[in-house]
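Enquirer: prediction below, plus the sequence it came from.
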Amino acid sequence: MNTISIIFALIAVIAVLMYNSLISKKNQVDNIFGGVDAVLKKRFDLIPNLVASVSQYMEHEKTTLETITELRASAMKPGITDDQKIALDAKLTSALGAINIAMEAYPDLKANENVMHLQRSLNEAEEQISAARRAYNQAVTDLNNAIEMFPTNLMASYMKLQPKKVFEITVNERANVDVGALFTK
């Protein structure tokens, strides 16, 4: 074989390896997002039970409960994009945090066995969501690096792959919790 044939064969092998690597990373992101979706669905399934249990105690937090219900309904709609799911998840996480803080003001509610079970289940789902987000963010970072770094960026451009967004916390979630305010209600 002549040198030119060897060079073309080597370039072809490299191109195939880059293509397969990008497809693998893209599929890993999709697969892990499916896991995130599954635990978000678990959370969405728990929310109506939590809202029903809590609503009788928390009439004046009605707007928070309504917001949670609306966010859940929006997230359950078919055909929403991954980016929309990520944004809705951030809003829902914030609203659920507000309801957990508000629940502390109701001793009867805290003692209710059904509510306590639902809260434990929701906390477990939140831990699973957190772990799934970390895995998703790592897979997205690997994919985004491959999309942006040379020479795989050339193949990614040819494949029309676009960088994905990672799960990020909201500005409100980054703020320090004012523990003193929790005890002055």
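Expert: Yes, it's here.

Enquirer: in stretch 62-78, what's buried?
Expert: Buried residues in stretch 62-78, defined by neighbour count with 16 or more other CB atoms under 10 Å: 64, 65, 67, 68, 71, 72, 75. Glycine gets a C-beta too; all of them are placed from N, C-alpha and C.

Enquirer: who touches the helix or strand harbouring the third one?
Expert: Okay, so that is residue 67. Taking DSSP states H and E as the definition, residue 67 sits inside helix 62-76. The contact list for helix 62-76 (CB atoms under 8 Å, 6 or more residues apart in numbering) reads 40, 44, 47-48, 51, 54-55, 58, 80, 85, 88-89, 91-92, 95-96, 98-99, 102.

Enquirer: what about residue 141, neighbour count?
Expert: 15 (other CB atoms under 10 Å).

Enquirer: secondary structure element holding it?
Expert: Residue 141 belongs to helix 113-148 when assigned by DSSP H and E.

Enquirer: by contact count, what packs against that helix?
Expert: helix 3-55, helix 82-103, helix 152-158 (3 or more CB pairs under 8 Å, 6 or more residues apart in numbering; DSSP states H and E).

Enquirer: got the angle between it and helix 3-55?
Expert: Angle, helix 113-148 to helix 3-55, by axes from the mean of the first three to the mean of the last three CA atoms, to 10 degrees: 160 degrees.

Enquirer: now do the buried residues in helix 113-148.
Expert: For helix 113-148, by 16+ other CB under 10 Å, it's 115, 118-119, 121-122, 125-126, 128-129, 132-133, 135-137, 139-140, 143-144, 146-147.

Enquirer: quick check: nearest residue in space to residue 129, chain neighbours excluded?
Expert: Closest residue in space to residue 129, ignoring its immediate chain neighbours: residue 39 at 4.8 Å, by CB to CB, 6 or more residues apart in numbering.

Enquirer: okay if I get the buried residues of stretch 62-78 as a markdown table plus pLDDT and distance to residue 161?
Expert: Listed next are those as a markdown table, based on pLDDT from 0 to 100; distance: CB to CB, whole Å:
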| residue | pLDDT | distance to residue 161 |
| --- | --- | --- |
| 64 | 76 | 40 |
| 65 | 78 | 41 |
| 67 | 84 | 36 |
| 68 | 85 | 35 |
| 71 | 89 | 30 |
| 72 | 86 | 31 |
| 75 | 87 | 26 |
